[in-house]
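**Q** sequence unknown, structure follows:
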């Protein structure tokens, strides 16, 4: 019985094991059918490169393919010189984000019948009219293009101005030319070459800089002053009268008076009739006939009759000496100094001289004259007062085919100038830009630029890039705080501050208005921070002066180092602002007043 009982236990154990195996196989099969990615565990199988419980994918399961990305790409279709605009909203009146030319690809984010939303730049979206896009599907994302500001280049006549003392020197001179003249006075005489001496006037500054030669000076507001013109005096030197009086003519019916034995005393007796001969002095000569006018050469009065009245105004003519012995001459009045005042192109007063009238003169054609703007002649044919002071506040004069303007202490000269502003970002990524006048708080009272836009003349930028290379060698980077500044912004700033020391005046504006100046500092590349300078940028007081005695030695060294490098690269400094540098050739560029808020960035190349 014990033997049967033992056999029954063995049978029960085998049945239990069989049931367990069936259960395990059933669970594994169930897992495989529900999730093919669940690995099948094979106990007891191991490899040198994995743990003993390494799982394996069922070889009978086919994996799903990885999805291939697709992009909608719109290519701009436009004319050769046509710009396609990217706008902020789906309408024609909203702000323009930028523009692109024919052939530029955009990533199309949303398609519509009239407008498509595109990715214009890094993190910058906009809308383009659908008719300008040719859209396809691509597996490669389109490139995000760089967009830059582009300004139209131009070249035209402008002006350069030079400060001067307000006085000029008019210097008469002569020159020789060869001309064809008649060989004789006979009619039809043969023409021959002959050297002819002519007169002219040249104009100099008080520092003897030649401003123009062989010119005509047109005065609007001026004063001419010089020493009195010498009064002509007779060449007669009266001496002792003759000892005898000629006998009267026998035919005279005038009863002669008894001749005194001593020197006669003049009486009020009527003079003899014309039939009585005039006494002839033994040593005197008669008074010369006044010419009425006297010429002026370079430094000496001459005898010709061409320009000004020879006598000072108010001086009487001399009379013949009729005394028979020593005559005490009547004192000659002291002549007045010469002063000619011109206002608004007309002579308003003349003292000390009498000007000639009815001079034939054609404005704009005749040379060698000093005239008013209304055509009144002061001097002509290359003659003028020697050493006269000519104080001028408004006038013009010719220099070749150009007309030079004198205006309130400045000489304005015409010059062919250009405007070729470029986006600094287009040419370098090394220079940092932080345009302060495009921010809400600044010395202009707000955002007067409308956007971060940094423009310079192309040649000025080339000089700045050269400076950046030199600074980089020493571990520094330029940071620009201002560059091109429209003229109207300079006017706004002047109205706010009313201080020509730190803000340029309205008359001529600023070098910034020409795109040929930068306000800048330096970043220390090791710290990423601006280096110490005499004052914060755009501090409009004496602390910003280069001569500020209170700056630290570190600030002074940094300021001088920056200025030294900039000078080497073709820039100049000003005394009042340590941050300001002007292109030394700024006269080559036009002063302009571009509206920066309306400028757009354009994508030209893919």
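**A** That came through, no problem. This one's a predicted model, so the numbers in the text were calculated from it and none came from an experiment.
**Q** now the strands: where do they sit in the stretch 501-606 of the chain?
**A** In the stretch 501-606 of the chain, the strands defined using DSSP state E, counting those that start in this stretch lie at 517-524, 529-530, 571-573, 580-583, 601-603.
**Q** to residue 453, which of those lies closest?
**A** Closest approach to residue 453 among these is made by strand 601-603 (8.9 Å; CB to CB). C-beta here means a position set from N, CA and C on the backbone, and glycine is covered the same way.
**Q** run through who's touching that closest one.
**A** Residues outside strand 601-603 that contact it (CB atoms under 8 Å, 6 or more residues apart in numbering): 83, 97-101, 104, 120-121, 145-150, 423.
**Q** make a ChimeraX selection of the buried ones in those residues.
**A** Here is the ChimeraX selection string for the buried members of the contacts of strand 601-603, based on 16 or more other CB atoms under 10 Å:
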select :83,97,98,99,100,101,104,120,121,145,147,148,149,150,423
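**Q** out of the strands of the stretch 501-606 of the chain, deepest packed?
**A** Mean neighbour count, computed with mean count of other CB atoms under 10 Å, is highest for strand 580-583 among the strands of the stretch 501-606 of the chain, reaching a mean of 24.
**Q** same for it, what does it pack against?
**A** Here strand 580-583 touches helix 458-473, strand 517-524, strand 571-573, going by 3 or more CB pairs under 8 Å, 6 or more residues apart in numbering; DSSP states H and E.
**Q** turn the ones you listed into TSV, including distance to residue 598 and mean pLDDT.
**A** What follows is the helices and strands packed on strand 580-583, written out as TSV (distance: least, CB to CB, whole Å; pLDDT from 0 to 100):
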stretch	distance to residue 598	mean pLDDT
helix 458-473	21	98
strand 517-524	22	98
strand 571-573	29	98
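**Q** now those as CSV including distance to residue 369?
**A** Listed next are the helices and strands packed on strand 580-583 as CSV, based on distance: least, CB to CB, whole Å:
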stretch, distance to residue 369
helix 458-473, 41
strand 517-524, 41
strand 571-573, 39
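**Q** who wins for proximity to residue 211 among those?
**A** strand 571-573 (23.9 Å).
**Q** check contacts around residue 475.
**A** 524, 525, 526.
**Q** likewise residue 450?
**A** 438, 596, 597, 598 are the contacts of residue 450 under CB under 8 Å, 6+ apart.
**Q** circling back to that earlier point, quick one: which of the contacts of strand 601-603 sit in strands?
**A** Among the contacts of strand 601-603, the ones falling in strands (DSSP state E) are 97, 98, 99, 100, 120, 121, 148, 149, 423.
**Q** and the residue nearest to residue 535 when sequence neighbours are not counted, how many residues sit next to it?
**A** Nearest non-adjacent residue to residue 535, counting by CB to CB, 6 or more residues apart in numbering: residue 543, 4.1 Å away. Residues lying near residue 543 (other CB atoms under 10 Å) number 13.
**Q** wait, isn't residue 543 in contact with residue 537?
**A** No. Shown here, residue 543 and residue 537 do not form a contact pair, counting by CB atoms under 8 Å, at 11.6 Å.
**Q** can you tell me how far the nearest residue to residue 563 once chain neighbours are set aside is from residue 454?
**A** Spatial nearest neighbour of residue 563, excluding adjacent residues (CB to CB, 6+ apart): residue 573 at 5.3 Å. Plainly put, residue 573 is 21 Å away from residue 454 if you go by CB to CB, to the nearest Å.
**Q** do the same with residue 370
**A** Distance, residue 370 to residue 454, using CB to CB: 50 Å.
**Q** which residue packs closest to residue 382, ignoring adjacent ones?
**A** Distances taken as CB to CB, 6+ apart put residue 199 closest to residue 382, at 2.7 Å, once the chain neighbours are dropped.
**Q** doesn't the one you found lie inside a strand?
**A** Yes. According to DSSP: H, G, I helix; E, B strand; the rest coil, residue 199 belongs to a strand.
**Q** contacting residues for it?
**A** Taking CB under 8 Å, 6+ apart, one finds 172, 173, 174, 297, 368, 381, 382, 383 in contact with residue 199.
**Q** and for residue 87?
**A** 94, 95, 96, 97, 126, 127, 128.
**Q** that one and residue 94, how far apart?
**A** In this view, residue 87 and residue 94 are 5 Å apart by CB to CB.
**Q** just residue 498 next, same as before
**A** 38 Å.
**Q** of these two, which one has the most company?
**A** residue 94 (12 against 9).
**Q** below-threshold pLDDT in the stretch 151-300 of the chain: ranges please.
**A** 230-300 (pLDDT under 70).
**Q** swap in the stretch 1-150 of the chain?
**A** Residues of the stretch 1-150 of the chain meeting the criterion pLDDT under 70: 1-62.
**Q** now with 90, please.
**A** Low-confidence segments of the stretch 1-150 of the chain (pLDDT under 90): 1-70, 80-81, 95, 97, 121-124, 141-145.
**Q** do the stretch 451-600 of the chain as well
**A** Where the stretch 451-600 of the chain drops to pLDDT under 90, the residues are 498-502, 505, 507.
**Q** swap the cut-off to 80 and go again
**A** Filtered on pLDDT under 80, the stretch 451-600 of the chain yields the residue ranges 500.
**Q** quick one, strands of the stretch 351-500 of the chain?
**A** Under DSSP E, counting those that start in this stretch, the stretch 351-500 of the chain gives strands at 370-372, 377-379, 389-399, 402-407, 410-419, 421-423, 432-433, 455-457, 476-482.
**Q** this protein: helices as residue ranges?
**A** 2-34, 424-427, 458-473, 487-497, 553-568 (DSSP state H).
**Q** from the contact counts, what lies against the fourth one?
**A** I take that to be helix 487-497. So helix 487-497, by 3+ CB pairs under 8 Å, 6+ apart, packs with no helix or strand.
**Q** could I get the buried residue list for it?
**A** So, applying 16+ other CB under 10 Å, buried residues of helix 487-497: 487, 489, 490, 491, 492, 493, 494.
**Q** tell me what the closest residue to residue 109 other than its chain neighbours is bridged to.
**A** Nearest non-adjacent residue to residue 109, counting by CB to CB, 6+ apart: residue 117, 4.5 Å away. In this structure, residue 117 bridges to residue 110, residue 127 when assessed by DSSP bridges.
**Q** now do residue 172
**A** Counting by DSSP bridges, residue 172 forms beta bridges with residue 201.
**Q** how does the protein divide into domains?
**A** What automatic domain parsing lists as the domains of the chain is 71-145, 165-184+191-244+292-408, 419-598.
**Q** switch the ones you listed over to CSV; also include distance to residue 605.
**A** Shown next, in CSV, are those (distance: least, CB to CB, whole Å):
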stretch, distance to residue 605
domain 71-145, 8
domain 165-184+191-244+292-408, 42
domain 419-598, 11
